[in-house]
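# any chance you could fold what I've pasted below:
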Amino acid sequence: MAVVEAVSSSGTCTPPLVTGRRSARTLCRRRRHVPRLPEGDEVSEFDDPLRPLYQPDDERRYLPVDSIEEMFGRFTAAFGDPADWIAKGHLIVVTGDRGCGKTSLIQRCAYWLKTRPQPNCKLVIVDFSDEQWTDTEDQRTKRVFSRILDLLGQSEDLRTSVLERIRTYEADLNDAYYHLSQALGSRQTEQGEPLPPVALAVLLPGYPKPAEVKRYYEIARPGIFFFAEVFEVADIHAIRFEMPRLNRANVGVHHLGTGVLNPGDAYKLVDWFRGAGHDSPEFPDEIVRVHLNGPVEYYSKVSIRELTKLAWGLLCVAKEEAADRVTETHVARYYEQLVFGDGTV
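Next comes the predicted model:
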């Protein structure tokens, strides 16, 4: 869990404040060992989601594959005016199968909010996306609210006396979020001088069920963003059916859907490797066409994570053999390592 402070009304960036069990470094580096390309290369491991909130360099690793670029463009267009951030509440639901880039997309959207100049407000990001709480819906929503207050207290974005008053409403989350929204929008110093209002972005624990997502829609208040990601097919269908019915005047609802890859996405991935790899082995077009690009039906079953893992693994096998290009032999050896296992790919 973490609080990440973003650009304030002064237009300057404050250092991220990370609290809880895991540091930002730990959040980003829980990855298996894989062979690396040449030392000093800009390419890194790809097994985990991109997390630019904690590793800003990850922001340049996003590729225009799948529908990610379209969804990100839709998000930035909707929130181009920071004045709108505090005018209403916001629910952003990201759907898609495992490995399709949901977490990476949410991180990218939150990072975009964090780095955008905000003349009229301060953005604070509270990140629970690494949590997998198995409580009931009611327990999870109450736990999120309690932790939000704890972290706001640690970051000193609300005074202790204000937080204590808000806690008296925790039994009814509708009232609790109403008073939290009011406090974030009317902040003052101890001397009574006005402070910039806070827009609060909450990256919810994964993976909420439709009823829980709807609950966050009901309790959303001005100045508060809720980001949720959903991957179960039945849950996605239920949410898509329910979202058109959500029409509270002061709450905006946004659906960002990640999906399957498109023909040609493999070439975009390989082009990125070529641009970042410097002296890494060459990826011949024939290998890309046969083993990565595949037929159209292939793309209905492969995620960007799986495709990236395959491309990365082939490069690593070739590099370990000091080859200057990936060959069919390296493809065979890569799959041998997957089948028999040697702990490297």
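# tell me where the protein has helices.
Taking DSSP state H, the helices of the chain run over residues 24-28, 68-78, 102-115, 137-154, 160-167, 173-185, 210-219, 233-242, 265-277, 285-287, 304-320, 328-340.
# in JSON lines: these, plus mean neighbour count, mean pLDDT and distance to L91.
All C-beta atoms are positioned from the backbone trio N, CA, C, and that covers glycine. Shown next, in JSON lines, are these (neighbours: other CB atoms under 10 Å; pLDDT from 0 to 100; distance: least, CB to CB, whole Å):
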{"stretch": "helix 24-28", "mean neighbour count": "16", "mean pLDDT": "38", "distance to L91": "24"}
{"stretch": "helix 68-78", "mean neighbour count": "16", "mean pLDDT": "92", "distance to L91": "12"}
{"stretch": "helix 102-115", "mean neighbour count": "23", "mean pLDDT": "94", "distance to L91": "13"}
{"stretch": "helix 137-154", "mean neighbour count": "17", "mean pLDDT": "94", "distance to L91": "13"}
{"stretch": "helix 160-167", "mean neighbour count": "15", "mean pLDDT": "95", "distance to L91": "21"}
{"stretch": "helix 173-185", "mean neighbour count": "19", "mean pLDDT": "96", "distance to L91": "12"}
{"stretch": "helix 210-219", "mean neighbour count": "20", "mean pLDDT": "90", "distance to L91": "5"}
{"stretch": "helix 233-242", "mean neighbour count": "15", "mean pLDDT": "74", "distance to L91": "10"}
{"stretch": "helix 265-277", "mean neighbour count": "18", "mean pLDDT": "76", "distance to L91": "29"}
{"stretch": "helix 285-287", "mean neighbour count": "14", "mean pLDDT": "87", "distance to L91": "43"}
{"stretch": "helix 304-320", "mean neighbour count": "21", "mean pLDDT": "84", "distance to L91": "25"}
{"stretch": "helix 328-340", "mean neighbour count": "14", "mean pLDDT": "86", "distance to L91": "40"}
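# out of those helices, the one nearest V251 is which?
With respect to V251, and counting by CB to CB, the nearest of the helices of the chain is helix 210-219 at 6.2 Å.
# gap between the closest one and the chain center?
Taking the mean of its C-alpha atoms, helix 210-219 sits 19 Å from the chain's own mean (CA atoms, centre = their mean, to the nearest Å).
# please name every helix or strand in contact with that helix.
strand 89-95, helix 137-154, helix 173-185, strand 224-230, helix 233-242 (3 or more CB pairs under 8 Å, 6 or more residues apart in numbering; DSSP states H and E).
# need these in a markdown table with distance to V65, can you?
A markdown table is the format used below for the helices and strands packed on helix 210-219 (distance: least, CB to CB, whole Å):
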| stretch | distance to V65 |
| --- | --- |
| strand 89-95 | 16 |
| helix 137-154 | 32 |
| helix 173-185 | 37 |
| strand 224-230 | 18 |
| helix 233-242 | 20 |
